[in-house]
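> Predicted structure and sequence below. I'll ask about it afterward.
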Amino acid sequence: MQAALILLVYLAGSVHGDCTTAPDVVVTNAAIHTMEPTMPTADTMAWKSEKITYIGTAAGATKCISDAALKINAQGKVITPGFHDIHLHPMEAASSFAACDILSSTVRLSSQTSTLRACASNNFIESDFALGWGHLINQIYDLIDEGQNPKTFLDNLSPAGKAMCIMEKTSHSVWCNSAALAKAKITTTTKIEGGIILKDSTGALNGVLLENAGNYMIDVAFTPSTSTQRAKRTEIWTAGLKTAMRTLNVNGITSITNSRAYWQRDVVPIWKAALAAGTLTTRTVLALWVYPAPNFTNPSMNIDTWDTWQLDKIKADFTDAAGLLRINQVKMYVDGIIHQSTARMLTKYQTGRWTTGLKADIPDGMGMYYFQIARLNKLVAALDAHGFDLHLHGIGDGGVRAGLDSIAAARTANTARTQSRRHHITHAEYIHADDRSRFKSLDVIADMQVGGEESLPKNYAWDAEMVGTTIANGRQPIKSIINAGGRAGLSSDWDVHKPSPFLGISNALQRGTETLTVDEAVAAYTINGAWSMRHDDITGSLKVGKYADFAVLSQDIWSVSASQVASTTIYLTMLGGKEVWRDTNNFPTSTTNTVKPATSGTTTSGSTSTTGTAAAATTGAAAATGGAAVAAATTTSGSTSNFRTGANLVTLILTTLFSSYNEANVKRHLATALGVSATNIIITNARSGSTILTFRLDGLSATAEQNAINQLKNTCASTVANTISASCSSISTVSFSSATSTAGSVGVLALALALLGVYIH
């Protein structure tokens, strides 16, 4: 009797939905992880008109299988819900807004003068402003140790009167020359709420603007003074968003939270235009930025007056209606970051050169707040009352506590709010033990980014210099939050980290006492993310009635080692049952074909596969796309370096490494070489430390595509010299002999830029 009961329960749980209506598509022979506790796995799924109509076993799907318009045999591949990245900056990450995002973060700035001088000659949206990106704040301190004033150092490298600013890699500080400071009207007496303006030992400006002082300066750069400049800014944002959508889909991501929508930079209309044009291929929530200080056009405005004005503007954009685009979150920084000693701690930072320059601005030595506590609580309460979900940046244990306190105060104040709250503390790098249970009691999701090396226990010492060993060893206590009954999310913070979910999942499985199970890590990237975006009723798990948002994985992350998870790529991404990404090498487009078995090709991190004819040449491991797989092309016998075209794909395999990688720069040079627009180029694989550059030509006729490839061949043939062998005119056997002097070659191409090294954004 007991055995019969168990069998009955199994059968009841093995099939959800029915096949009375013929589905549009049925997938069989799959290893489906539903993230639904009542039926965690299945092997067959069908959908019609965007939504799942059946999920369960093949035995219960006979009619679905026979009646479906399209049948896909998944050959045992793993299927998960589409991934949710609930904290990232897609438009900024994919836009070429910096004229020269090429600084190395590992080389002293005094050794990068030629790069900086070249940067200064470029323009952003105005002819008198140059923007760059890429250093770390410790390099500024190295410069100071060398006896340099950072501002004067830039002045000597830039044309007289031309403003120039370099944004630090994390975006939490900006380094400027005198002309930029003058353009923003920043003097030794200027105060910017939520920001710090650094000075040298004499009290003179040294050109370094921390936290919101840097944001204030970038707002100056991003504000056009003519209609032509405004149009250029729109063009940059629009192209960046298109690139971002493809990048996200390549990584299996179907839902995102744009976690810092600078509405004063007119980004909201760009998202709305993408929605109207049908180019939005993720379910998206915008978190509108709450500005800590009045903007540069009216810097003396009273803070209370400013807050009244900006709250009216923010509330006017609120929309929680169903659809691909919703504007129902706001982003507020509670504190800064650890390595600038601006994250708010409950104890003093350790003594070190990072803190010595800040004693006048942070007298208690415990970090800073972007908003004074009373103002923070007032704004959070007002936004909570309007129905917004708060997306609070909190890194230090003091910042996290202040964020939780403000949410608790809002709950007490706004008893009339009937809508559930889904507030959000992002980063949450350090959480005091007394606060870990509060995530459950306040129903706040702890969203962490663990895709970087700093999140692994072996590297906790990096923060110990700043906060002490005991605190550093408690970094990102995600398992502790779960054990205390709280909800945890994982995200990338792209472009701080690459957007591949598998980098974060891999690291989440290797964090000592804070290690997650695969189920917990995938839930953090799917159903928990869907909860935070208020659409867990329609996506985030695979269940009858929910949208068919899912990803087909290149390998079974439940069976490989934790470190191997990072090399996982995506074969297919579906949004509402519609394909938004397909790896055509491993998941053929033919409706009668099937996924290629794993034995026909291999994908390995950091190497090139030449096994058989199947290789993940389009699996999207670009630096911008963030996967760990390396593209592999079918190689000509005896050739070790080549590029080829075929199936709408071009792959260059180089003999030299990218020292670092910037997609916008690559596209710009490729577009010139191919004679096409940069918007026609979809880079699917390239990254720092790789010899691979793979791209597609998108939106061209077959003739136009072939003409572009021919132009590439001709360019190659005309630059034989020391760079490329005479076989360059044969596209299947191009060899690169060295990384020597291509600078004199006529503006050339990816061939030149790959050999010279393309720098990362």
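Thanks, I have the structure now. Residues are numbered from 1 along each chain as shown.
> quick one: secondary structure of residue 470?
Classification of residue 470 using DSSP: H, G, I helix; E, B strand; the rest coil returns helix.
> Tell me how far it lies from residue 342.
21 Å (C-beta to C-beta, to the nearest Å). Where you see a C-beta, it was placed from the backbone N, CA and C, and this is true even at glycine.
> Based on its surroundings, how many neighbours for residue 452?
For residue 452, the neighbour count with other C-beta atoms under 10 Å is 16.
> I figured it was touching residue 498, is that so?
No - using C-beta atoms under 8 Å, residue 452 is not in contact with residue 498, being 9.1 Å away.
> who's more crowded, residue 470 and residue 342?
residue 342 (30 against 9).
> Would you mind giving both backbone torsions of the more buried one?
Backbone torsions of residue 342, given as degrees, to the nearest 10, read phi -110, psi -10.
> Now do the nearest residue to it once chain neighbours are set aside: how many residues are near it, please.
Counting by C-beta to C-beta, 6 or more residues apart in numbering, residue 336 is the residue found nearest to residue 342 once chain neighbours are left out, at 2.6 Å. Neighbourhood size, residue 336 [other C-beta under 10 Å]: 29.
> Make residue 1 into 516 and carry on from there
I'll keep to 516 as the first residue from here, and by that count the last item is residue 851.
> Please identify the helix or strand for residue 851.
Using DSSP states H and E, residue 851 falls within no helix or strand.
> cool, and residue 865?
Residue 865 belongs to no helix or strand, assigned by DSSP H and E.
> From residue 666, how far out is it?
Taken as C-beta to C-beta, the span from residue 865 to residue 666 is 28 Å.
> quick one: which of these two has more around it?
Applying other C-beta under 10 Å to residue 865 and residue 666 shows that residue 666 carries more neighbours, namely 22 against 18.
> Who are the contact partners of the nearest residue to the more buried one once chain neighbours are set aside?
Of all residues not flanking residue 666 in the chain, residue 722 sits nearest, at 2.9 Å (C-beta to C-beta, 6+ apart). Contacts of residue 722 were listed using C-beta atoms under 8 Å, 6 or more residues apart in numbering, and they are 664, 665, 666, 667, 669, 690, 691, 692, 693, 696, 713.
> So the last one belongs to a helix, correct?
Yep, that's residue 713 we're talking about. No - applying three-state DSSP, one finds residue 713 to be strand, outside a helix.
> before we move on, what SS does the residue nearest the centre of the chain have?
Closest residue to the average C-alpha location of the chain: residue 1009 at 2.0 Å, with C-alpha atoms, centre = their mean. Secondary structure state of residue 1009, per three-state DSSP, is coil.
> Do I have it right that it meets residue 605?
Yes - Residue 1009 is within contact range of residue 605, at 6.7 Å (criterion: C-beta under 8 Å).
> The residue nearest to residue 857 reaches residue 858, doesn't it?
Yes - the pair formed by residue 851 and residue 858 meets the contact definition of C-beta under 8 Å, at 5.2 Å.
> Now do the shared contacts for these two.
Joint contacts of residue 851 and residue 858 (C-beta under 8 Å, 6+ apart) are 882, 910.
> Please name every helix or strand in contact with the longest helix seen in the chain.
The residue-count maximum for a helix in the chain (DSSP state H) belongs to helix 742-765. When contacts are defined as 3 or more C-beta pairs under 8 Å, 6 or more residues apart in numbering; DSSP states H and E, helix 742-765 sits against helix 605-609, helix 783-792, strand 1085-1090, strand 1093-1097, strand 1196-1200.
> Among the ones you listed, show the one with the smallest mean pLDDT.
Here the helices and strands packed on helix 742-765 differ in mean pLDDT, and the lowest is strand 1196-1200 at a mean of 67.
> Next, the buried residues of stretch 645-663.
Across stretch 645-663, burial judged by 16 or more other C-beta atoms under 10 Å covers 645-652, 654-659, 663.
> Mind picking the two most distant members of the residues you listed?
Spatial extent of the buried residues of stretch 645-663 (C-beta to C-beta) is set by the pair 645 and 656 at 23.3 Å.
> Closest one to residue 1062 out of the contacts of residue 722, please.
residue 690 (44.7 Å).
> okay, and for the stretch 616-765 of the chain, where does confidence drop off?
616-618, 640-642 (pLDDT under 70).
> now do 80
616-621, 637-642 (pLDDT under 80).
> residue boundaries of the helices in it?
628-635, 652-660, 665-670, 693-698, 727-737, 742-765 (DSSP state H, counting those that start in this stretch).
> closest one to residue 1001 among those helices?
So among the helices of the stretch 616-765 of the chain, helix 742-765 is nearest, using C-beta to C-beta, at 26.8 Å.
> which parts of the closest one are buried?
744, 747-749, 751-765.
> do stretch 665-685 as well
Here stretch 665-685 shows 665-666, 668-670, 672-673, 677-684 as buried, counting by 16+ other C-beta under 10 Å.
> For residue 1000, see how far away the nearest residue to residue 645 once chain neighbours are set aside is.
Of all residues not flanking residue 645 in the chain, residue 679 sits nearest, at 4.5 Å (C-beta to C-beta, 6+ apart). Shown here: residue 679 relative to residue 1000, a distance of 51 Å by C-beta to C-beta.
> Understood, closing this out.
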